[in-house]
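Visitor: this one's structure only:
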């Protein structure tokens, strides 16, 4: 087995893919999103509970490969307690980490090893969608889905 | 004597190494097959040696191009045992052929209350077109369910058939399970209630002799690229009386007799259904692919890929953590499986690193995945250039994957 791929999985991804901490439904969710990749069938439901401007609670359920499952778990972990504004910055940072066209080295973007583990997908463009599946969903749908009250402003920005 | 190594040497791609510096073990033949040198040469020879449009010019090289183009029609006719050259229509592929049957044959006559039957194992290509036609016309789409083994439930099929059944569309071989369907039985039963039958032979064409007269089907489609030929070209077989009655599959140049401001009379078969300039190099490449297959013998290919399938199933069944999907009476050419705790895409990525090309996912058969209650499978599909050693390499890799994800 290839060393690069082994590293990519072994360091963080396998651990996070098996992590059950956030793998559950959230009955009191205020926002429910669905991240779905029709090409492979991977599907996650993201549960968010907004209290004021902050994500007070979050979790997910669903099915997919180790990379998509781990990235969803890491996503949830990273957005807990964050405001919508912070959320946007976190998503952009992650997207930069996995972007093979970025001029920045992954290490210069973040020191967080859990996020850095996904930089391995820079070498595997066919797995990039696995890493970004749930992040994409949140990025695309959070302006209208999450910001009741001032959605128009956010959509324009 | 059938020698897969000698055959493999005719495929230039296998002289290359993967980016990791290993040999390519290509086991995604159900998606597309690799191309032998003689097919590549036939296409290059046309473009570099006698490129011209067909059916029109009276000069060289148009005469030579037309000759090579029409020679393929004869090869196809013999290859599938059609009655006449009029029954062989060139398309852009299986999906194109199916859509043409839907639009030109079925749609004009489909009405509310009519029924179309497909199977639960269909590829989206032989499912969505019928589904959409039924939705549009207010007809019903019926599905032949599968039994626990993955075989079609033939009893349920008998019950589905009635005088409202207009057409039955079936895959000859499931692209996701490898189940071979009993085409003669399905066709005979459909004809007994006056329904027409369309066979999706995309997976069958490279593994077994197709005899449209023995099957008795009304339409049959396949693609060249699954038969060692180029992409973007395929064949629609249709019974002559049906192709004659049908309105043209599309309109344009080359398919007319006389055009006036008031109207147009259409050309005779097969030109009537081939509007515009065809994929000439593709058709010539298909001709070379049929020559290639004939030089080996389709029966020898069938024996080889079936033996590999049996060998693989035997080997895989010794690994406890591997689930093989389906246990049909008649399985050919491919195996669909899952490795416990490992997602299909993770499995295929690991194998890919070792130069082993397999397919993971839903194989464009989502209704079947719903039936299997999985989001996808790992599919290993065989071709003439594969060997038992290839299977052994897969087994080693799968054991490694199992241990990794355990």
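Guide: Arrived safely. All values derive from a computational prediction rather than experimental measurement.

Visitor: please spell out which residues along the longest helix seen in chain A are buried.
Guide: In chain A, with assignment by DSSP state H, the single longest helix is helix A:128-146. The neighbour-count check on helix A:128-146 (16 or more other C-beta atoms under 10 Å in any protein chain shown) flags A:128-135, A:137-139, A:142-143, A:145-146 as buried. C-beta: built from backbone N, CA, C; applies to glycine.

Visitor: go on, stretch A:109-123?
Guide: Buried-residue list, stretch A:109-123, by 16+ other C-beta under 10 Å: A:109, A:110, A:114, A:115, A:116, A:117, A:118, A:119, A:120, A:121, A:122.

Visitor: now stretch B:302-318
Guide: B:302, B:304, B:305, B:306, B:308, B:309, B:312, B:313, B:315, B:316.

Visitor: now residue B:235. Its backbone dihedrals?
Guide: Torsion angles at residue B:235 (phi, psi; degrees, to the nearest 10) stand at phi -130, psi 140.

Visitor: identify the residues contacting it.
Guide: With contact set as C-beta atoms under 8 Å, 6 or more residues apart in numbering or on different chains, residue B:235 has these partners: B:76, B:80, B:88, B:89, B:90, B:91, B:97, B:221, B:222, B:224, B:286.

Visitor: now swap in residue B:305 and tell me
Guide: B:207, B:332, B:333, B:382, B:383, B:384, B:386.

Visitor: chain A next: which of the residues you listed are close?
Guide: With C-beta under 8 Å from any C-beta of the partner chain as the criterion, these include none near chain A.

Visitor: lowest-confidence entry in those?
Guide: In terms of pLDDT, residue B:332 ranks lowest among those, with 86.

Visitor: roughly how far apart are that residue and residue B:376?
Guide: Going from residue B:332 to residue B:376 by C-beta to C-beta, to the nearest Å gives 21 Å.

Visitor: neighbour count: those two, which is higher?
Guide: Set residue B:332 next to residue B:376 and count neighbours by other C-beta atoms under 10 Å in any protein chain shown: residue B:376 wins out with 27 against 22.

Visitor: just the buried residues of the contacts of residue B:305.
Guide: Counted by 16+ other C-beta under 10 Å, the contacts of residue B:305 give B:207, B:332, B:333, B:382, B:383, B:384, B:386 as buried.

Visitor: next, count neighbours for the closest residue to chain A within the stretch 101-250 of chain B.
Guide: Closest approach between the stretch 101-250 of chain B and chain A, counting by C-beta to the nearest C-beta: residue B:124, at 10.7 Å. Number of residues near residue B:124 (other C-beta under 10 Å) recorded here: 15.

Visitor: is it true that it touches residue B:362?
Guide: No - the pair residue B:124 / residue B:362 is not scored as a contact, 9.1 Å apart, by C-beta atoms under 8 Å.

Visitor: what's residue 141 in contact with, if anything?
Guide: Using chain A here. Contacts of residue A:141 (C-beta under 8 Å, 6+ apart): residue A:33.

Visitor: other chain: chain B
Guide: Taking C-beta under 8 Å, 6+ apart, we find residue B:141 in contact with B:115, B:116, B:117, B:118, B:130, B:131, B:134.

Visitor: any idea of the pLDDT on the second one?
Guide: Just to be clear, that refers to residue B:116. Residue B:116 carries a pLDDT value of 98.

Visitor: does it belong to a helix, a strand or coil?
Guide: strand (DSSP: H, G, I helix; E, B strand; the rest coil).

Visitor: what sits up against the lowest-mean-pLDDT helix or strand in chain B?
Guide: Here the helix or strand of chain B ranked lowest by mean pLDDT, DSSP states H and E is helix B:366-372, holding a mean of 82. For helix B:366-372, the surrounding residues in contact (C-beta under 8 Å, 6+ apart) are A:41, B:120-122, B:124, B:127, B:143, B:145-146, B:174, B:176-177, B:325, B:362-363, B:375-377.

Visitor: would you map the helices across the stretch 251-400 of chain B?
Guide: Counting by DSSP state H, counting those that start in this stretch, the stretch 251-400 of chain B has helices at residues B:280-296, B:298-316, B:344-353, B:366-372, B:388-405.

Visitor: could you dump those to CSV with distance to residue A:29?
Guide: Shown next, in CSV, are the helices of the stretch 251-400 of chain B (distance: least, C-beta to C-beta, whole Å):
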stretch, distance to residue A:29
helix B:280-296, 53
helix B:298-316, 42
helix B:344-353, 28
helix B:366-372, 26
helix B:388-405, 31
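
Visitor: what residues are up against residue 99?
Guide: You didn't pick a chain, so chain A it is. Going by C-beta under 8 Å, 6+ apart, residue A:99 touches residue A:122.

Visitor: chain B was what I was after
Guide: By C-beta under 8 Å, 6+ apart, residue B:99 lies in contact with residue B:129.

Visitor: on the three-state scheme, it is what?
Guide: The three-state label given to residue B:99 by three-state DSSP is helix.

Visitor: how close does it sit to residue B:128?
Guide: Taking C-beta to C-beta, one finds residue B:99 at 10 Å from residue B:128.

Visitor: phi first, then psi, for residue B:220.
Guide: When read as degrees, to the nearest 10, the backbone of residue B:220 gives phi -150, psi 140.

Visitor: all helices of chain A, in order?
Guide: Using DSSP H, helices in chain A cover A:3-8, A:14-18, A:66-79, A:84-98, A:106-109, A:113-116, A:128-146, A:151-156.

Visitor: what ranges in the chain fall below the confidence cut-off?
Guide: Chain wasn't specified; assuming chain A. Flagging of chain A using pLDDT under 70 yields the residue ranges A:1-9, A:143-157.

Visitor: okay, now residue B:103: neighbour count?
Guide: Neighbour count for residue B:103, taken as other C-beta under 10 Å: 16.

Visitor: show me what contacts the spatially most central residue of chain B?
Guide: Centroid-nearest residue in chain B: residue B:202, 0.8 Å away (criterion: C-alpha atoms, centre = their mean). Residue B:202 makes contacts with B:94, B:123, B:125, B:171, B:175, B:221, B:222, B:223, B:226, as judged by C-beta under 8 Å, 6+ apart.

Visitor: distance of residue B:86 relative to chain A?
Guide: In this view, residue B:86 and chain A are 40 Å apart by C-beta to the nearest C-beta, to the nearest Å.

Visitor: how about that residue, nearest residue that isn't a chain neighbour?
Guide: Spatially, and ignoring its direct neighbours in sequence, residue B:86 is nearest to residue B:269 (3.7 Å; C-beta to C-beta, 6 or more residues apart in numbering or on different chains).

Visitor: now do the same contact list for the one you found.
Guide: B:86, B:87, B:240, B:243, B:244.

Visitor: low pLDDT regions in the stretch 151-300 of chain B?
Guide: The stretch 151-300 of chain B contains no residues with pLDDT under 70.

Visitor: near chain A, which residues of chain B?
Guide: B:20, B:342-346, B:349-350, B:353-354, B:360-362, B:366, B:369, B:375-376, B:400, B:404-405.

Visitor: any of those residues buried? List them.
Guide: Restricting those to buried positions leaves B:342-346, B:349-350, B:353-354, B:360-362, B:366, B:369, B:375-376, B:404-405, with burial counted as 16+ other C-beta under 10 Å.

Visitor: just say helix, strand or coil for residue B:143.
Guide: Assigned by three-state DSSP, the conformation of residue B:143 is strand.
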